[in-house]
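*Asks:* Sequence first, predicted coordinates after that:
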Amino acid sequence: MNDTEKWFETTVRVRYQETDQMQVAYHANYLVWFEVGRTEMIRQMGFSYRRFEDLGFMLPVTEANVKYKRAARYDDELTVRTKVIRCEGVRLLLGYEVLRLPEGELLASGETHHVWTSTDLKPVRLEKRMPELYTLMKQYEW
């Protein structure tokens with residue numbers, strides 16, 4: 001599997017409510033789009049957040065970073081690219097890029113750090129509690 005095959009992609013469109021008076025997307029929306037990308041990445045892997053929760057897992061964010069390059073504007077169609085950077089025991093590190101379509105101009109990049117927990121938010125080791133999911137995540141690791 002090459003590096004381009006490790007990206008998971010989904011498309012969003014900038015809604016009017018996500019912009020300011022200048023029709024520029026508010027900076028916090030990039031974190032929302034990262035979440036959309038993360039959710040869709042996991043779905044494309046054959047799981048879902050709902051399934052995680054049904055199995056007794058949670059995946060809270062412990063840190064988030066965004067680097068802004070260019071502004072997204074009202075009605076822009078965006079591709080959110082998501083990848084697994086590192087999956088280690090209780091920790092998961094994901095990377096993101098937000099690109100404007102159709103030209104693929106990079107608007108922002110970033111990372112989110114997560115911890116696998118039980119529903120009562122106690123850390124759990126993914127490789128012990130759900131080895132098949134751990135193996136899947138490791139397969140897509142950069």
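*Replies:* It's in. The shown structure was predicted, so the numbers you read here are calculated from the model rather than taken from an experiment.

*Asks:* And the helices in this structure?
*Replies:* Along the chain, the segments classed as helices by DSSP state H run 29-44, 49-54, 126-129, 131-139.

*Asks:* Flag every buried residue along the least confident helix or strand in the chain by mean pLDDT.
*Replies:* One helix or strand of the chain scores below all others by mean pLDDT, DSSP states H and E: helix 49-54, with a mean of 88. By neighbour count on 16 or more other CB atoms under 10 Å, the buried set for helix 49-54 is Phe52. The C-beta positions use only the backbone N, C-alpha and C, and glycine is treated the same way.

*Asks:* That one packs against which elements?
*Replies:* Secondary-structure packing of helix 49-54 (3 or more CB pairs under 8 Å, 6 or more residues apart in numbering; DSSP states H and E): helix 29-44.

*Asks:* Please identify the deepest-packed of the helices of the chain.
*Replies:* Mean neighbours per residue, mean count of other CB atoms under 10 Å, is largest over the helices of the chain for helix 29-44, with a mean of 19.

*Asks:* rewinding a little: out of the helices of the chain, which gets nearest to Arg13?
*Replies:* Nearest of the helices of the chain to Arg13, taken as CB to CB: helix 29-44 at 10.6 Å.

*Asks:* and the closest one, how far from the chain's centre?
*Replies:* Counting by CA atoms, centre = their mean, to the nearest Å, helix 29-44 is centred 4 Å from the centre of its parent chain.

*Asks:* average pLDDT for that helix?
*Replies:* For helix 29-44, the mean per-residue pLDDT is 97.

*Asks:* same deal with stretch 77-90?
*Replies:* Averaged over stretch 77-90, pLDDT sits at 96.

*Asks:* Enumerate the positions of it that are buried.
*Replies:* Across stretch 77-90, burial judged by 16+ other CB under 10 Å covers 78-85, 87, 90.

*Asks:* and those residues as TSV, adding distance to Glu9?
*Replies:* Converted to TSV, the buried residues of stretch 77-90 look like this (distance: CB to CB, whole Å):
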residue	distance to Glu9
Leu78	10
Thr79	5
Val80	7
Arg81	5
Thr82	8
Lys83	10
Val84	14
Ile85	16
Cys87	20
Val90	27
